[in-house]
Structure formats: C-alpha cells, structure tokens
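Asks: please find the sequence and the predicted model below.
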Amino acid sequence: MSDDGRIEIVTYSLAEAYVYQIPPSATHQGHRADSWNVEKWLRAVRVKVTSRGSKGAIKLEDKDSGELFAECPLPNDAPVSTAVEPVIDSSRYFVLRVVDESSGRHAFLGLGFRERDHASDFKLAVQEHQNARAREREAIKRREEHERLMAEKAAANAAAGVEGPAKLHDYSLKGTVTVNIPRRATGGAKSVNAAAAAATTTTTAA
C-alpha cells in the first residue's frame, strides 16, 4: 500500500504556538531567537506532527480557522536537523524548512513555544519519527539478508540433492544427550541430603 493510502496519525498536537519571519543566520553556528523580535510573530498556529506510512510532517495550521498555513516534511534518510533546527540561544524556538507541495519551493520559518515542556514534547515527537524510520530500515535490511541466506541455502541443498525446505539452522538434538535433573527435597534432615543429590537421565535422540 502506498503512503497516500494509509491513515494519518497525529503524534503531537498543540493548540497554540507562534510562527516568525526570520533573518538569515548571522553565524555558521546557527540561528538565534534574540534576533527575531519574538513578541512580534507572523501568525499564531496549531502545531501537529503527523505520520502517514513512511512520511512524516510538521503541519502549521491557522489557530482560528484550522487552515493549513505551512508544512515541513520530515526527512527519512537525512538528519532531522536538515528540516528542524533548534536555535542556539533558547530551548523554545526552532527553524523549520517548509515546502510548498505544488511548486516544490522552500523557505525557512521560525517556530516558538511559550512553555519549555511543549517545546520538549515537540522535539521528542520529531525525533521519534526518525527513530521509527531507522527501525524500519534495519528491519528491511535484516529481512533482505535472511532471504538472501535462505536462497543460498536452497541452492546448496539442490546441488547436494537434499530434499525438503531449506533451513538456516537445525536445532534438533543429535546422538545421545545427558540431562541432569535435581531432585526436589521434602521434609526433615533427609531432605537436606536429598537436595544435594541429582539424578542423571540419558536420552538418545533420533
């Protein structure tokens, strides 16, 4: 199923945050919120972090109308900082790389939260998207490796004239196996001696 056919899941939602027009970064270290005039925001927005299949996005919606104002796609194969960058002088402000889906053009907007807890929860939701994609890539890698090994094993069995489904590992018992089973002691001084004793059972596996 394509991502477009999947249900959109909201992993983070906040009723009010603030979008800023921001100047270019003055240093190579990153953006600073103290250069934004944070009391003069461009728009008050609702913030949502969403997931639809492998696609993730930060959606900024008008606080009153709910109309989509801007969207920041989250990367799958690149560091999340290429789309969401914390400023260097505050834990409550971020720079988002928003993209216009119809034209493909992008711009950078500032996003600010009133409370540090809200900003922290937002940051965790964004990071979890990337962690989930990393787990998916690892699962795909392991499945492909397993399928490759199974194909090699099947080819080797066919060359050797071995019938039946290919198995990477054979966990069946071979030959004679000795299992030591401690006896369970019950009651009195005799129990102490009985607890130290062990019975040995020998089984021959087919």
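Replies: Here it is on my side, so go on.

Asks: biggest strand in this structure, by residue count?
Replies: Criterion DSSP state E: the longest strand present in the chain is strand 9-21.

Asks: now do the phi/psi pair for the residue nearest in space to the middle of the chain.
Replies: In the chain, the residue lying closest to the centroid (CA atoms, centre = their mean) is residue 132, at 1.7 Å. Main-chain dihedrals, residue 132, degrees, to the nearest 10: phi -60, psi -40.

Asks: check residue 68 too.
Replies: Main-chain torsions, residue 68, degrees, to the nearest 10: phi -60, psi 120.

Asks: so it makes contact with residue 60?
Replies: Yes. Under the criterion of CB atoms under 8 Å, residue 68 makes contact with residue 60 at 7.5 Å. C-beta here means a position set from N, CA and C on the backbone, and glycine is covered the same way.

Asks: neighbour count: these two, which is higher?
Replies: residue 60 (23 against 14; other CB atoms under 10 Å).

Asks: just checking, what packs against whichever helix or strand comes after the longest strand of the chain?
Replies: Going down the chain from strand 9-21, the next helix or strand is strand 43-52, by DSSP states H and E. Using 3 or more CB pairs under 8 Å, 6 or more residues apart in numbering; DSSP states H and E, the elements in contact with strand 43-52 are strand 9-21, strand 55-62, strand 68-74, helix 116-160.

Asks: restricting to C-alpha, output strand 43-52 in CSV.
Replies: Provided in CSV are the C-alpha atoms of strand 43-52 (Å, rounded to 0.1, in the frame of the first residue of the first chain):
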residue,chain,number,x,y,z
ARG,A,43,0.9,34.1,12.9
ALA,A,44,-0.4,32.1,15.8
VAL,A,45,-0.8,28.4,14.7
ARG,A,46,-1.8,25.0,15.8
VAL,A,47,1.2,22.6,15.6
LYS,A,48,0.8,18.9,14.6
VAL,A,49,3.5,16.3,14.0
THR,A,50,2.0,13.6,11.7
SER,A,51,2.9,10.3,10.3
ARG,A,52,1.4,8.6,7.2
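
Asks: quick one: strands adjacent to it?
Replies: Note on strand 43-52: by DSSP bridges, its sheet partners are strand 9-21 (antiparallel), strand 55-62 (antiparallel).
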